[in-house]
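Engineer: just coords:
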């Protein structure tokens, strides 16, 4: 018999086996992206975009995707390396609340976290109902707000699923280079993202809603630009992230007669993003949760309890009726074997369990979760703080009229 140590009622379930009895399953696998999409595809009908998510009109300019490099010789089984604009595109994610897009973000290779604008996250009252979607695979995962900077409109999101490892790389290219073409990403009606040329006009001092000076922020051409999108160089390196602030000359200037804040998009430079990441608290890696109490039995692992709402419960595994005998074809002779197999997998992975019930052997598909995944969000969002800027009217489905 094997189990996990006891835990407090308010702590996430631990999935590391110890002594006897308990919840089984633990693991951390680094985040991974793969695949390609065709740029410039004709959009198909879809619902209206969320706030500050702009969709370009047909024929809008797009940056040319760079060629993929193959893996080094001697690693034939390795997937081809993805670099350049393809890497940045695959690392660009769609922020969704209740399956509706509210902005974009970018997965960074340095930290395996998502950087985006804080304002669309805060407008909904938090991240209890927030997900990120990878446009290439349509895979989604819940995220938690780990760190934020209200002045620079930056948010650091930690994904609960950890199946992706490829992220965008920071760039050391001078954002004011007159010989470099910079790009942002826009959301198409197909659900994919597409690169488009976005000129950097220079550096300007913007103001936050609370009147903080954002010195040397990047002034950009905001035509069709989506909030939270990375601003990248031709090699796909990130030079900034698009956020929202008060336009220069508006907001709380300290003058006797204040000028009302005029919302404007700007680029938070990579140097500021690095400072933001350095001030973030340590990130705890998500662990994989199956949700069963199991005892070693002659048949394998006899299930004696199933946690309510757990992946095991959702898959129909029954306490005192089922015994788990294999995970993805690998035999589990003991409770420790089962815990070790779950440990090798990531939250969000679909796993096949071979289960014995009575005299019948069957295969059960289980989608593993993170032990830290929050409960379903309440139906009504929390009230929004007064410092949040009001949103401008939504653009037409295909962006501004020409």
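Structural biologist: Thanks, I have the structure now. Please read these numbers as outputs of a predicted model, since none were measured by experiment. Numbers count the residues shown, from 1 in each chain.

Engineer: What's the mean pLDDT across stretch 133-152?
Structural biologist: In this model, stretch 133-152 carries a mean pLDDT of 90.

Engineer: first to last residue in it, what's the distance?
Structural biologist: With CA to CA, to the nearest Å as the measure, stretch 133-152 spans 24 Å from end to end.

Engineer: Going by neighbour count, list what's buried in it.
Structural biologist: 133-136, 140-152 (16 or more other CB atoms under 10 Å). No exception for glycine: its C-beta is placed from N, CA and C like everyone else's.

Engineer: Tell me how far residue 337 lies from residue 362.
Structural biologist: The gap separating residue 337 from residue 362 is 19 Å, by CB to CB, to the nearest Å.

Engineer: higher neighbour count, the two?
Structural biologist: Neighbours per residue, other CB atoms under 10 Å: of residue 337 and residue 362, the larger number sits with residue 337, 21 against 11.

Engineer: Make sure the more buried one is actually in contact with residue 331.
Structural biologist: Yes. Counting by CB atoms under 8 Å, residue 331 is a contact partner of residue 337 at 7.5 Å.

Engineer: which neighbours do the two share?
Structural biologist: Common contacts of residue 337 and residue 331 (CB atoms under 8 Å, 6 or more residues apart in numbering): none found.

Engineer: right, and the helix or strand after the strand or helix carrying residue 185?
Structural biologist: Using DSSP states H and E, residue 185 sits in strand 183-187. Helices and strands here follow DSSP H and E; after strand 183-187, the next one along the chain is strand 193-197.

Engineer: Would you mark the buried spots in that following strand?
Structural biologist: 193, 194, 195, 196.

Engineer: After it, which helix or strand is next?
Structural biologist: Assigned by DSSP H and E, the successor of strand 193-197 is strand 200-207.

Engineer: List the neighbouring strands of the longest strand seen in the chain plus their orientation.
Structural biologist: The longest strand of the chain (DSSP state E) is strand 139-149. Here strand 139-149 is paired, per DSSP bridges, with strand 130-134 (antiparallel), strand 154-159 (antiparallel).

Engineer: what about the strands in the stretch 151-300 of the chain?
Structural biologist: 154-159, 183-187, 193-197, 200-207, 213-220, 230-232, 238-246, 263-269, 288-289, 292-297, 300-306 (DSSP state E, counting those that start in this stretch).

Engineer: as a whole number, average confidence for the fifth one?
Structural biologist: Pointing back at strand 213-220 there. 95.

Engineer: can you offset everything so residue one is 5?
Structural biologist: All set: I'll call the first residue 5, so the last point we hit is now strand 217-224.

Engineer: Per-residue pLDDT of residue 374, please?
Structural biologist: On the pLDDT scale, residue 374 gets 76.

Engineer: Residue 73 now?
Structural biologist: 38.

Engineer: of all the strands of the stretch 155-304 of the chain, which lies closest to residue 347?
Structural biologist: strand 292-293 (7.0 Å; CB to CB).

Engineer: Identify all contacting residues around the helix or strand of the chain with the lowest mean pLDDT.
Structural biologist: Within the chain, no helix or strand scores below strand 373-374, which has a mean of 80 by mean pLDDT, DSSP states H and E. Residues from elsewhere that reach strand 373-374 (CB under 8 Å, 6+ apart): 146, 164-166, 290-293, 295, 314-315, 351-352.

Engineer: Any chance of TSV for these, columns distance to residue 372?
Structural biologist: Output for the contacts of strand 373-374, formatted as TSV (distance: CB to CB, whole Å):
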residue	distance to residue 372
146	13
164	11
165	9
166	11
290	10
291	10
292	5
293	7
295	9
314	10
315	5
351	6
352	7
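
Engineer: where's the dip in pLDDT among those residues?
Structural biologist: Per-residue pLDDT puts residue 166 lowest of these, at 60.

Engineer: and residue 172, what does it touch?
Structural biologist: By CB under 8 Å, 6+ apart, the neighbours of residue 172 are 91-92, 95-96, 110-113, 234, 236, 240-242.

Engineer: Surely residue 252 touches residue 205?
Structural biologist: No. With contacts counted by CB under 8 Å, residue 252 stays clear of residue 205, the gap being 11.8 Å.

Engineer: Please say which of these two ends up with more neighbours.
Structural biologist: residue 252 (17 against 13).

Engineer: For residue 135, list each beta-bridge partner.
Structural biologist: If you apply DSSP bridges, the partners that residue 135 bridges to are residue 100, residue 146.

Engineer: now swap in residue 172 and tell me
Structural biologist: Under the criterion used (DSSP bridges), residue 172 bridges to residue 112.

Engineer: Let me see the ranges of the strands in the stretch 305-406 of the chain.
Structural biologist: 326-331, 334-335, 354-361, 364-371, 373-374.

Engineer: Tell me which of the ones you listed sits nearest to residue 308.
Structural biologist: So among the strands of the stretch 305-406 of the chain, strand 326-331 is nearest, using CB to CB, at 10.0 Å.

Engineer: helices and strands around the closest one, which ones?
Structural biologist: With contacts defined as 3 or more CB pairs under 8 Å, 6 or more residues apart in numbering; DSSP states H and E, strand 326-331 has these neighbours: strand 296-301, strand 304-310, helix 339-347, strand 354-361.

Engineer: how about a cut-off of 6 Å?
Structural biologist: strand 304-310, strand 354-361 (3 or more CB pairs under 6 Å, 6 or more residues apart in numbering; DSSP states H and E).

Engineer: what comes up buried for that strand?
Structural biologist: 326, 327, 328, 329, 330, 331.

Engineer: Name every strand pairing with it and say which way it goes.
Structural biologist: Applying DSSP bridges, you get strand 304-310 (antiparallel), strand 334-335 (antiparallel), strand 354-361 (antiparallel) as the partners of strand 326-331.
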